[in-house]
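Colleague: Sharing a sequence plus its predicted fold:
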Amino acid sequence: MNDAAVDLFTGIVALIVAGLLVKRVVVAMRDGIIPLYKTRMTREEAGEAKFKTLVALNMVGALAMFAIGSDLLLDLGLRDALTGR
């Protein structure tokens, strides 16, 4: 595969992962349960601050994946700007 095909595939995968992370955040805020690897943590178990921190970290990951996917699909130049190419 050439570089353009790899970028296209990776960008699509990154956007799918971003969508799944956003779904995780929405479900966590609605139901008060966030999945963590093989367990699930409730808002009551973790406490409000820790729960919101975990949700915020998931949202940061989703934003990062969205930025990566957008850069790869739309050739925004973020990779070149960050790596100095």
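Modeller: Good, I have the coordinates.

Colleague: Enumerate every residue touching the residue nearest in space to the middle of the chain.
Modeller: Closest residue to the average C-alpha location of the chain: Ala62 at 2.2 Å, with CA atoms, centre = their mean. Contacts for Ala62 were tallied using CB atoms under 8 Å, 6 or more residues apart in numbering; they are Ala18, Leu21, Val22, Val25. Quick note: C-beta positions are derived from backbone N, CA and C, even for glycine.

Colleague: Swap in 6 Å and give it another go.
Modeller: Taking CB atoms under 6 Å, 6 or more residues apart in numbering, we find Ala62 in contact with Ala18, Leu21, Val22.

Colleague: got it, and Arg79?
Modeller: Arg79 touches Asp71, counting by CB under 6 Å, 6+ apart.

Colleague: and it, that's in a strand?
Modeller: No. Counting by DSSP: H, G, I helix; E, B strand; the rest coil, Arg79 falls outside a strand, being helix.

Colleague: what's the distance between it and Arg30?
Modeller: Arg79 sits 35 Å away from Arg30, going by CB to CB, to the nearest Å.

Colleague: Could you check the pLDDT of the closest residue to Leu21 other than its chain neighbours?
Modeller: The shortest distance from Leu21 to any non-neighbouring residue, by CB to CB, 6 or more residues apart in numbering, is to Ala62 (3.7 Å). Ala62 carries a pLDDT value of 96.

Colleague: how far is stretch 12-26 from where the chain is centred?
Modeller: Chain-centre distance of stretch 12-26: 6 Å, with CA atoms, centre = their mean, to the nearest Å.
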